[in-house]
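>>> quick one, structure for this:
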Amino acid sequence: DRDFELTWTPAATTAPSVGLFREHVGNADYLLALVTPPLLADAQKEAQAREMVFVIDNSGSMGGTSIAQAKASLLFALDRLKSNDRFNVIRFDHTMDVLFTDTVAADVENIARAKSFVSALQASGGTEMVPPMRAALADRRGQDSQYLRQVVFLTDGEIGNEQELFDTIAAMRGRSRVFMVGIGSAPNSFLMTRAAEIGRGTFTHIGSVDQVQERMRELIEKLESPAVTGLTVTYAGGAMDATPGVLPDLYRGEPVVIAAKLGARDGTLEIKGMIGARPWTITLPVA
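Residues are numbered from 1 along each chain as shown. Sure thing, here's the model as predicted:
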């Protein structure tokens, strides 16, 4: 009557590691690559400045405890912003409001204004999720920006036009990472998981009020410290059909799993990314 969660602890390392599993089924070869973040954070690593866009659903389906959980989650996240971060807040039902015309500095005055805006929200109206997602993904700084751009989207996911939302994220994601936070006892987990996958982020479920602090703390700590960004995977030795098509960043406490069907089994798999400003590469013979 609840989700199955497997929690495990990797060996203590200061660098990411990759486990590779291969299986021959019928006339094809399949592999599973598990990219595991380091258990020990690099103490020298400077926290990268972030551009955070928080989106909160205050439609009628969020009534009762759901809106209370969503507001508590967002207030907690606002408290965790660093002085060198930028942020904005968007609320939506069948209409939407964007708090600031652009992301603003996370100073005391702007955070206080955002908290007041969030605290006043009440649940009512229909749910139009595509316009606020478009607004959240609109990126004024572009690829050259030094900011790590993260969108945190809090909703129960009660919409009918799921495919339109997925298409919007795929078309507009650019350098943004989309993190879906499912609120309530029965959020639309298919929508959340798929939206996060297309947006190179993750899905966090908050099922009850007493989970808000723990789950949001885990998510915010994760967002503050990506272990490897810009992950890519290539296969030298034939064709490869892999999922996910676009890899998410690697965060502390959460492995990235790559599943693939191979055209040949004697090639090498190369996984690349950036640890801060330093390139990271690992090459594995599939055989």
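
>>> C-alpha from now on. contacts and neighbour counts both.
Fine.

>>> now residue 185, nearest residue through space, not along the chain?
residue 207 (4.7 Å; C-alpha to C-alpha, 6 or more residues apart in numbering).

>>> against residue 52, how distant is the one you found?
23 Å (C-alpha to C-alpha, to the nearest Å).

>>> and what of residue 200?
Going from residue 200 to residue 52 by C-alpha to C-alpha gives 15 Å.

>>> any idea how many residues pack against residue 223?
Residue 223 is flanked by 21 other residues according to other C-alpha atoms under 10 Å.

>>> do residue 179 as well
Residues near residue 179, counting by other C-alpha under 10 Å: 25.

>>> before we move on, what about the one 4 residues further on?
Burial measure for residue 183: 28 neighbouring residues, criterion other C-alpha under 10 Å.

>>> dump the residue contacts of it.
66, 69-70, 154-156, 205-207 (C-alpha atoms under 8 Å, 6 or more residues apart in numbering).

>>> could you pull up the residues touching residue 143?
Applying C-alpha under 8 Å, 6+ apart to residue 143 gives the contacts 174-175.

>>> A helix includes it, no?
No - secondary structure of residue 143 (DSSP: H, G, I helix; E, B strand; the rest coil): coil, not part of a helix.

>>> contacts for the longest helix seen in the chain, please.
In the chain, taking DSSP state H as the definition, the longest helix is helix 65-79. Applying C-alpha under 8 Å, 6+ apart, the external contacts of helix 65-79 come out as 54, 56-58, 111, 115, 118-119, 121-123, 154-156, 183-184, 206, 208-209, 212-213, 216-217, 220.

>>> so what does the next helix or strand after it touch, helix or strand wise?
For helix 65-79, the succeeding helix or strand toward the C-terminus, using DSSP states H and E, is strand 86-92. Packing partners of strand 86-92 (3 or more C-alpha pairs under 8 Å, 6 or more residues apart in numbering; DSSP states H and E): strand 50-57, strand 96-98, strand 104-105, helix 130-137.

>>> quick one: mean pLDDT for the second one?
Spelled out, that is strand 96-98. In this model, strand 96-98 has a mean pLDDT of 96.

>>> give me the contact list for it.
Strand 96-98 is contacted by residues 88-91, 131-132 when judged by C-alpha under 8 Å, 6+ apart.

>>> narrow the residues you listed to just the buried residues.
88-91, 132 (16 or more other C-alpha atoms under 10 Å).

>>> what's the weakest-modelled helix or strand in the protein?
Ranking every helix and strand in the chain by mean pLDDT, DSSP states H and E puts helix 212-224 at the bottom, with a mean of 86.

>>> quick one: it to strand 50-57, angle?
Angle, helix 212-224 to strand 50-57, by axes from the mean of the first three to the mean of the last three C-alpha atoms, to 10 degrees: 150 degrees.

>>> now helix 212-224: buried residues?
Quick answer for helix 212-224 (16+ other C-alpha under 10 Å): 212-213, 215-217, 219-224.

>>> redo these as CSV? Include distance to residue 150.
Shown next, in CSV, are those (distance: C-alpha to C-alpha, whole Å):
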residue, distance to residue 150
212, 19
213, 20
215, 17
216, 15
217, 16
219, 12
220, 11
221, 13
222, 12
223, 8
224, 10
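
>>> where does this structure have low pLDDT?
40-47, 144 (pLDDT under 70).

>>> contacts only, for the residue positioned nearest the centre of it.
With distances taken as C-alpha atoms, centre = their mean, residue 201 lies nearest the centre of the chain, 2.3 Å away. Taking C-alpha under 8 Å, 6+ apart, we find residue 201 in contact with 177-180, 248-249.

>>> okay, it and residue 101: tell me how far apart.
Distance from residue 201 to residue 101, by C-alpha to C-alpha: 25 Å.

>>> what about the residue nearest to residue 185, distance to residue 214?
For residue 207, the distance to residue 214 - C-alpha to C-alpha - is 12 Å.

>>> does residue 188 touch residue 182 like I think?
Yes - Residue 188 lies in contact with residue 182 (C-alpha atoms under 8 Å); the separation is 7.5 Å.

>>> shared neighbours, those two?
With C-alpha under 8 Å, 6+ apart as the test, residue 188 and residue 182 both reach 156-157.

>>> these two: which is more packed in?
residue 182 (25 against 16).

>>> strands paired with the strand or helix carrying residue 31, and their directions?
Element membership of residue 31 [criterion: DSSP H and E] is strand 28-36. Strand pairing for strand 28-36, using DSSP bridges, gives strand 17-25 (antiparallel), strand 256-262 (antiparallel).
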